[in-house]
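Engineer: I'd like to go over a predicted model; first the sequence, then the structure.
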Amino acid sequence: MRNKVISVEEAVNLIPDGATVMFGGFLGCGSAHKVIEALAKKGTKDLTLIGNDCGMATGPNGEEFYGMAKLVHNHQVKRVIATHVGMTPDVATQGMVDKTLQVDLIPQGSLAEMVRAGGAGLGGVLTPTGVGTIVEDSPLCMGKQTIDGKEYLLMKPVRADFAVICGHTIDKFGNIWYKGTTRNFNTLMATAADVVIAEADHLVEIGDIEPENVVTSGAFVDYIVDGGKA
Amino acid sequence: MEKSEIKGFIAKRVAKELKDGDVVNLGIGLPTLVPAYLPEGVEVILQSENGIIGTGSKPTAEEADPKYKTDAGGQPAQAAPFGCYIDSATSFGFIRGGHVNATILGGLEVDQEGSLSNWIIPGKKMPGMGGAMDLLVGAKDVIVAMEHTAKGKPKILKKCTLPYTAVHCVTKIITEMCVLEVTDKGLVMTEYNPEFTVEQIKAATEADLIVSPDLKSMC
């Protein structure tokens, strides 16, 4: 079988300027920190980021720029599609004051389902969430529909050029087991990008994860980066 | 009432709304104080929208594992022994699908139509709605727990002026002054804090208040 394991440098070299990249994680919990760090170091620019949030300006152990926060801080991002950016003041500064960053805020449940739809071949999501709010004006909202007397918003499916996800334990086929609350958007994004890069906190041999415990099949994963803790 | 007592007073009253076995999602801030006031024999199943059904007790410094286990505010959290970890689509399917009995959250403005604004102040702050819009639409009971006024200005209005988080969704408003039920006819005051007169409460509220004929003390 093809060897999927590449270095972190090889991984970020796959991602060109102007790429649309979805990042798993929730306020940095479950984000692919090694790949993000390397992307920040390389200076890849004009990125469109899709994620629950942009990480945190300060991490849980005092880390400076946790998760995607550093990419925004470095002005490597031209557009953010997220649900919450309150923990990264750089987004508000660049979005509202400097006006150099386009920010599209989407309800969390809608974004999750839009990514799922993108990965599942569906043409959109009908959700009651956001009816009567400014979500109706989002470029990702295709209007309102009434079904059995109830109003719904039709939200577009979301896909990306790349998904950068992270798992606690990943085998060399790319099968992933997640620890704690790190599943969040990782499992969904694994299905919704042309190229999926998975960072392994612990890289193990095929067979080390019981098939019953595989959450994301390695069939979704194109490349694996060894996070180096095995 | 001392300023420092207000949040605890509101949380204590909110706790009476919850029944044993209810699935509950708590917003950040004041709502997180509610579980401490649950009466004896009432246990609720807490949900954290980032991926826990059955959130457990706050981890000790030794248990805390924020690289892998947090709540929706990014703080260390863990599943209870009966709990489980889920992905975001499952989490919001759970929320939107009507499996959450109550969500308790704060508000910047709430109006007599039961609409709530709590996610953005245009031009000033854009934190994002996160999971709030889904919770308001999906939870069976939406309880707004907040101080009655902000810097002396009413927060309970005829109509919200800030962008809505969701419309026609709030079921109850609980403040340090009173308990308001949202009905088809408008806001009905069912309980009040006897430290205030009904007239004082009306004066602190822009919305029209209907005083229940069975008005009770909330203490």
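Structural biologist: Cool, got the structure. Numbering: from 1, shown residues only, chains lettered A, B, ... in the order given.
Engineer: switch to C-alpha atoms for all contacts and neighbour counts from now on
Structural biologist: Fine.
Engineer: what does chain B put close to chain A?
Structural biologist: Neighbours of chain A within chain B, by Cα under 8 Å from any Cα of the partner chain: B:50-52, B:66-70, B:72-75, B:78, B:85-89, B:91-93, B:96, B:123, B:125-134, B:137, B:163-167.
Engineer: try 6 Å
Structural biologist: Residues of chain B lying close to chain A (Cα under 6 Å from any Cα of the partner chain) are B:51, B:67-69, B:74, B:85, B:87-89, B:92, B:127-131, B:133-134, B:137, B:164.
Engineer: can you tell me what sits against stretch A:216-226?
Structural biologist: Under the contact criterion Cα atoms under 6 Å, 6 or more residues apart in numbering or on different chains, stretch A:216-226 has outside partners A:4-8, A:173-176, A:196-200, A:203.
Engineer: can you give the distance from that stretch to the centre of its chain?
Structural biologist: Centre-to-centre, stretch A:216-226 and its host chain are 15 Å apart (Cα atoms, centre = their mean, to the nearest Å).
Engineer: and stretch A:41-55, by the same measure?
Structural biologist: Stretch A:41-55 sits 9 Å away from the centroid of its parent chain (Cα atoms, centre = their mean).
Engineer: now do the buried residues in it.
Structural biologist: Going by neighbour count (16 or more other Cα atoms under 10 Å in any protein chain shown), the buried part of stretch A:41-55 is A:44-55.
Engineer: re the thing from before, any idea which of the contacts of stretch A:216-226 is closest to B:Asn101?
Structural biologist: Within the contacts of stretch A:216-226, the smallest distance to B:Asn101 is 32.7 Å, found for A:Ile176 (Cα to Cα).
Engineer: neighbours of the closest one, how many?
Structural biologist: Counted with other Cα atoms under 10 Å in any protein chain shown, the neighbours of A:Ile176 add up to 27.
Engineer: what does A:Gly86 give?
Structural biologist: Neighbourhood size, A:Gly86 [other Cα under 10 Å]: 21.
Engineer: equivalent analysis for the one 3 residues further on, please.
Structural biologist: Residues within reach of A:Pro89, counting by other Cα under 10 Å, total 19.
Engineer: now it, nearest residue through space, not along the chain?
Structural biologist: Once flanking residues are discounted, A:Pro89 sits nearest to A:Ala57: 7.4 Å by Cα to Cα, 6 or more residues apart in numbering or on different chains.
Engineer: next, the one you found: secondary structure please.
Structural biologist: Classification of A:Ala57 using DSSP: H, G, I helix; E, B strand; the rest coil returns strand.
Engineer: show me the contacts for residue 95.
Structural biologist: Using chain A here. A:101-102.
Engineer: that was the other one, I meant chain B.
Structural biologist: Counting by Cα under 6 Å, 6+ apart, B:Ile95 has contacts B:Gly138.
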